[in-house]
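Participant: Next one to model:
(2 chains)
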Amino acid sequence: MLGTWRRGGGRAVAGVLAPVLLMGAGLVGCSAGGGDLKEAAGLRLPDGQIRGGAFSVSASEPEHLVPANATTTADGQVLSALFTGLVEYDPQTAEPRHAMAESITTDDQRTWTIRIKPGWTFHDGEPVTARSFVDAWNFAAYAPNANGNAGYFNKVEGYAALQAEHPATREMTGLKVVDDTTFTVRLADSFSQFPILLGFQAFYPLPRSAYGDLRAFEEAPVGNGPYEMDGRWRHDEAIRLKRFPGYKGPAPSADAVEFRIYSKPGGGYEDLLAGNLDIATDIPPDQLAAAHAEFKSGFVERRSSAFYYLGFPLWDKAFGRKELRQAVSLAIDRNAITKAIYDGSREPAHSVINPLVPGSRPDACRLCTYDPARARRILASAGGFTGPLHLWFSTSAENQPALEAMANMLRTNLGLTDIRFDVLDFSQFLSLVKARKVTGPFFSSWLMDYPSPHTYIAPLYTAGARTNRTGYANPLVDQHIAEGDRAPSVAAGITAYQAAEDVILDDMPVIPLWFGKTRAVHGDRVTHVAIDPFSRIRVQDVQVVG
Amino acid sequence: MRRLLQVIPVFFGATFLIFALVYAVPGDPIDALAGDRPVTPAVRAELRHRYHLDDPLFVRYGKYLQGLSHGDFGTNFRGRPVAEIMRQRFPVTIRLGLLAFLFEAVVGLAAGVVAGLRRRSLVDSLVLVSTTVVVAVPVFVLGYCAQLLLGVKLGWFPVVGIREGWRSYFLPAVVLGSLSLCYVARLARASLMEAMRADYVRTARAKGLSERRVVGVHALRNSLIPVVTFLGVDLGSLMAGAIVTEGIFNLPGIGQATFNAVHTQEYPTVVGVVTALVLIFILANLLVDVLYAVLDPRIRYR
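Facilitator: Here you go, the predicted model:
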């Protein structure tokens, strides 16, 4: 019997699986570990900083690399290395600070004078002037250019004139070049938070070469940032950047960065495990705990700007009483869900303003605690709730387990026995929410545009705002927002927005659920890996040690 | 000639069907494009106009065909020409497909022929069992296992991407080709066994031909017809079936592009790729029909 086996084993070469293994074995000789980290490490400077070297970061395929049209995190990640805005945000506190701006001043919060630092150039040698900003902003706002970030300029005087189908002008009347390093911005209305906006990518300057052939520009964008393109954008493969020698800002640490593009979620993390990548930002949710345990100090985590909430269709009489919404809020155990279901990758929300931005208060929401008895009392006093409760959400949210847990809590704590799920594809979901055709609470999220409380308040709760999905309208809230916009300083504005938040958290047009987190892991070759408030790796800070 | 004319209705029928179906999917593609960030109404109107989203279906299809007639596949919703996307991605998929095809044809045929010639031997049983196992395991399980074992743990092959030339394609090609390989092996085995029992083989043996000539010229040539048919059809489906494999191994090929495009409602890309695949399929089948004639003198096309 044994003999037969041995003979058979010899002839099994002709079988199907054996050749596979043989071919595999044949190739082992020429692969040494499979890594391709041939880049040199950096040199240690006297101040302890390490300068030079090259490293790789995982990324997804950007959609656009023209700042005016760049809306995704992937777009922002690449552009943040290629461009430097007027202001940048502290990676820890998200406080804005001047980058290319020398000064940003105003007397009335409506007309702003912006002075830029002289002597800066784009990667192609063109000087960065006041005109580089003004032209880029006009280009962005001009509707026929169909730029995704056009809406960011809606506060500038003359913006509306550029939104017609065939606008009569290409320039906003509010923008005026004074001299090479000075320009003024007149807003349609006072806006105390305006300087905070200016760090977002929509406000980056553009060189003149961009406007000639935009498609060609997008393949190899020319910016004014610490890094310049090394070759063209290799779609779905990689984007390589190298140090821009003419950079006038703080010099970046590494000489070169390669963004490796993975379209499969988790692809970068696998490559990192195999030793082929330095920084991965796409850790699969089910491997978070393992990644944390394995990488320890190489595991970086910070709050993201995502705010997850349950919105109510206030146009529907069934949800018109705020007591019902308050009861629902009190019946949800946010701690349990974020711990048990999200493994701590989400954080319970106790405010509608994300703790990421200056001006958020950790205990703003009195009704976001878990108190089933009180929830029942409030619901009973408001006359209860009858009939089926439909919960709407989109498939792309990947939050079904959390929503099921939430539904169970509503069943047990409030006695809502008939809860139904309406799951839709994201764009369908959005269309129905916008058309006010959802028939129950909808699960949605909001990302910040700029790190000011304003971004979490005005777009969602101002009466009649285009992105006010719940149909919420409270004159008191509108009044507080208007006060904040007209406030004499950024800080004074924040106080007014907090007052608006207090009203909102009592009315509860939306129930705050949780805030998001972003994570990255990195190998031993790199240190100083930090994530900025927009969930991007601060590539200019990364130091290459190995 | 008749064979060529049949191609025309197939082409128009298939492309129109795809065009109509893809655009019948509910949800606004501009919403899918914008994601969480709202687009201003003016920008939305401009985008809808730019991509003919407000025209009726037939007008859009007409415009599409018009562009297609001079090689213009249109642009995707981000302004990249679909032709450029395909030019960049088809080589990847073709490399993967060819390697997989080569793998399944060579290894599959060899296994099938050896098994077919030695019926009931250990080799035969081994082929039968191993092919059954592979057929039973879904491709993605095979892919992930191979990737984890040979890529991440053992480090023999690149885990993802195409940065290492042909070496990068090897593992994905084996995974992609493995399923068809089993069919090829089993088909070749069965049809060779049948041929070996056929009258003409007995005649050839009776004429005193060497066993080599009997198998090589008489039995093999006839028994290969169903295998060639299968391989021809499979060449096209390898291109389409690359979706899973390219996804697992992060190869920037046409399958991955299609998957992403469906996911993000990038209809122009979907339609463009499917149109190209339809063309490939039609050509592959045409080629197979011509090959029949070479293999079997009884089949002739007028």
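Participant: only C-alpha atoms for contact and neighbour calcs from this point on.
Facilitator: Fine.
Participant: all strands for the stretch 1-150 of chain A, in order.
Facilitator: A:43-44, A:50-51, A:54-59, A:87-89, A:96-98, A:101-106, A:111-116 (DSSP state E, counting those that start in this stretch).
Participant: Could you say which of these is packed most deeply?
Facilitator: strand A:54-59 (a mean of 26; mean count of other C-alpha atoms under 10 Å in any protein chain shown).
Participant: can you give me the helices in the stretch 101-250 of chain B?
Facilitator: Here the stretch 101-250 of chain B has its helices, by DSSP state H, counting those that start in this stretch, at B:122-136, B:139-146, B:166-196, B:199-206, B:211-213, B:220-249.
Participant: related to what we said a few turns ago, so which of the strands of the stretch 1-150 of chain A comes closest to chain B?
Facilitator: Among these, the nearest to chain B by C-alpha to the nearest C-alpha is strand A:54-59 (11.8 Å).
Participant: quick one: the closest one near chain B?
Facilitator: No. Judged by C-alpha under 8 Å from any C-alpha of the partner chain, strand A:54-59 and chain B are separated, with a smallest distance of 11.8 Å.
Participant: For the strands of the stretch 1-150 of chain A, give me a markdown table that also has mean pLDDT.
Facilitator: Formatted as a markdown table, the strands of the stretch 1-150 of chain A follow (pLDDT from 0 to 100):
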| stretch | mean pLDDT |
| --- | --- |
| strand A:43-44 | 80 |
| strand A:50-51 | 86 |
| strand A:54-59 | 95 |
| strand A:87-89 | 94 |
| strand A:96-98 | 94 |
| strand A:101-106 | 96 |
| strand A:111-116 | 97 |
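Participant: so which of the ones you listed comes closest to A:Met448?
Facilitator: For A:Met448, the closest of those is strand A:87-89, at 13.2 Å, according to C-alpha to C-alpha.
Participant: That closest one packs against which elements?
Facilitator: Contact here means 3 or more C-alpha pairs under 8 Å, 6 or more residues apart in numbering or on different chains; DSSP states H and E; on that basis strand A:87-89 packs against strand A:96-98.
Participant: Tell me which of the helices of the stretch 101-250 of chain B sits most buried.
Facilitator: Comparing the helices of the stretch 101-250 of chain B by mean neighbour count (mean count of other C-alpha under 10 Å), helix B:166-196 ranks first with a mean of 24.
Participant: Would you indicate which residues of the one helix or strand A:Glu294 maps to are buried?
Facilitator: A:Glu294 is located in helix A:288-295, with elements delineated by DSSP states H and E. Within helix A:288-295, the residues that count as buried by 16 or more other C-alpha atoms under 10 Å in any protein chain shown are A:288, A:291-292.
Participant: And the next helix or strand past the helix or strand of chain B with the lowest mean pLDDT?
Facilitator: Considering only helices and strands, the least confidently modelled element of chain B by mean pLDDT, DSSP states H and E is helix B:29-34, at a mean of 70. Following helix B:29-34 in sequence order, the next helix or strand is helix B:41-50 (DSSP H and E).
Participant: What are the buried residues along that following helix?
Facilitator: Within helix B:41-50, the residues that count as buried by 16+ other C-alpha under 10 Å are B:42-48.
Participant: ok now the helix or strand that A:Ile481 is a member of, how far from the chain's centre?
Facilitator: Under the assignment given by DSSP H and E, the secondary-structure element containing A:Ile481 is helix A:475-486. Averaging C-alpha positions (C-alpha atoms, centre = their mean, to the nearest Å) puts helix A:475-486 26 Å from its chain's average.
Participant: what's near enough to touch B:Arg44?
Facilitator: With contact taken as C-alpha atoms under 8 Å, 6 or more residues apart in numbering or on different chains, B:Arg44 is in contact with A:146, B:30.
Participant: nope, B:Ala204 is what I was after
Facilitator: In this structure, B:Ala204 makes contact with B:214, B:218, judged by C-alpha under 8 Å, 6+ apart.
Participant: and if you look at the one 10 residues further on?
Facilitator: Contact criterion C-alpha under 8 Å, 6+ apart gives B:201, B:204-205 as the residues in contact with B:Val214.
Participant: follow-up on the earlier one: of all the helices of the stretch 101-250 of chain B, which lies closest to B:Tyr61?
Facilitator: Across the helices of the stretch 101-250 of chain B, B:Tyr61 has its closest neighbour in helix B:220-249 (23.1 Å, C-alpha to C-alpha).
Participant: Quick check: what element follows the closest one along the chain?
Facilitator: In the C-terminal direction, the helix or strand that comes right after helix B:220-249 (DSSP H and E) is helix B:254-263.
Participant: With only the CA atoms kept, save that following helix in CSV.
Facilitator: Output of helix B:254-263 as CSV, limited to C-alpha atoms (Å, rounded to 0.1, in the frame of the first residue of the first chain):
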residue,chain,number,x,y,z
ILE,B,254,-10.2,46.3,-16.9
GLY,B,255,-12.1,44.1,-14.4
GLN,B,256,-11.2,46.3,-11.5
ALA,B,257,-12.2,49.4,-13.5
THR,B,258,-15.6,47.9,-14.3
PHE,B,259,-16.2,46.9,-10.7
ASN,B,260,-15.3,50.4,-9.4
ALA,B,261,-17.3,52.0,-12.2
VAL,B,262,-20.4,50.0,-11.3
HIS,B,263,-19.9,50.8,-7.7
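Participant: Other residues contacting that helix?
Facilitator: For helix B:254-263, the surrounding residues in contact (C-alpha under 8 Å, 6+ apart) are A:263, B:86, B:89-90, B:92-93, B:239-244, B:246-247, B:250, B:267, B:269-270, B:273.
Participant: Make a markdown table from the helices of the stretch 101-250 of chain B and add mean pLDDT to it.
Facilitator: Rendered in a markdown table, the data for the helices of the stretch 101-250 of chain B read as follows (pLDDT from 0 to 100):
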| stretch | mean pLDDT |
| --- | --- |
| helix B:122-136 | 88 |
| helix B:139-146 | 84 |
| helix B:166-196 | 87 |
| helix B:199-206 | 86 |
| helix B:211-213 | 82 |
| helix B:220-249 | 80 |
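Participant: To B:Tyr64, which of these lies closest?
Facilitator: Between B:Tyr64 and the helices of the stretch 101-250 of chain B, the shortest gap by C-alpha to C-alpha is with helix B:220-249, which sits at 22.2 Å.
Participant: Could you confirm whether the closest one reaches chain A?
Facilitator: Yes. Part of helix B:220-249 sits close enough to chain A to count as contact by C-alpha under 8 Å from any C-alpha, namely B:247-249.
Participant: how much space between B:Gly108 and chain A?
Facilitator: Note on B:Gly108: its distance to chain A, by C-alpha to the nearest C-alpha, to the nearest Å, is 7 Å.
Participant: you'd agree that residue is up against B:Gly177?
Facilitator: No. If you go by C-alpha atoms under 8 Å, B:Gly108 and B:Gly177 don't touch, sitting 9.5 Å apart.
Participant: neighbours around A:Asp418, how many?
Facilitator: By the other C-alpha atoms under 10 Å in any protein chain shown criterion, the neighbourhood of A:Asp418 contains 12 residues.
Participant: What residue, apart from its backbone neighbours, is nearest it spatially?
Facilitator: If the residues on either side of it in the chain are set aside, A:Asp418 comes closest to A:Pro388, at 4.8 Å by C-alpha to C-alpha, 6 or more residues apart in numbering or on different chains.
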